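Visitor: sequence below, structure please.
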Amino acid sequence: MISYFSELRYKEVIDIHTGQRLGYVCDAEFDDAEGRIVSLITPGRPKFFGLFGREDDYVLPWKCIVRMGADIILVETQEDAPRRKREKRKLF
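Guide: Predicted coordinates:
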């Protein structure tokens, strides 16, 4: 199966231990020196229908990916999955 990097955004990420849907891939971290993907990032869940922002983003290291399918990515995370604060974007 050959995939493009742009197709990652349309793949849903699911934790195999809990069955929890972590969302769709929104970003990836690259290592410039080695030329490889270090981790995938999925957005946190919305707070109160998105009116109060979102929870912290999930940072999923590449080594925790178990299987990549046509439309799903299965990951094996620890109980305390690494999370990162979402950066605020300025309007002006």
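Visitor: show me what the longest strand seen in the chain is in contact with.
Guide: The longest strand of the chain (DSSP state E) is strand 36-42. With contact meaning C-beta atoms under 8 Å, 6 or more residues apart in numbering, strand 36-42 is reached by 8, 13, 22-31, 57-62, 65, 73, 84. For the C-beta atoms, the positions are set from N, CA and C on the backbone; glycine is no exception.
Visitor: just the ones of those in helices?
Guide: Residues of those located in helices (DSSP state H): none.
Visitor: okay, and which of those residues map to strands?
Guide: Those of those lying in strands (DSSP E): 13, 22-24, 27-31, 57-61, 65, 73, 84.
Visitor: give me the buried subset of those.
Guide: Among those, the ones that count as buried by 16 or more other C-beta atoms under 10 Å are 13, 22, 23, 57, 58, 59, 60, 65, 73.
Visitor: between which two of these is the distance greatest?
Guide: 57 and 65 (16.6 Å; C-beta to C-beta).
Visitor: tell me how far stretch 40-56 lies from the chain's centre.
Guide: Stretch 40-56 sits 12 Å away from the centroid of its parent chain (C-alpha atoms, centre = their mean, to the nearest Å).
Visitor: straight-line length of it, end to end?
Guide: Stretch 40-56 has an end-to-end distance of 14 Å (C-alpha to C-alpha, to the nearest Å).
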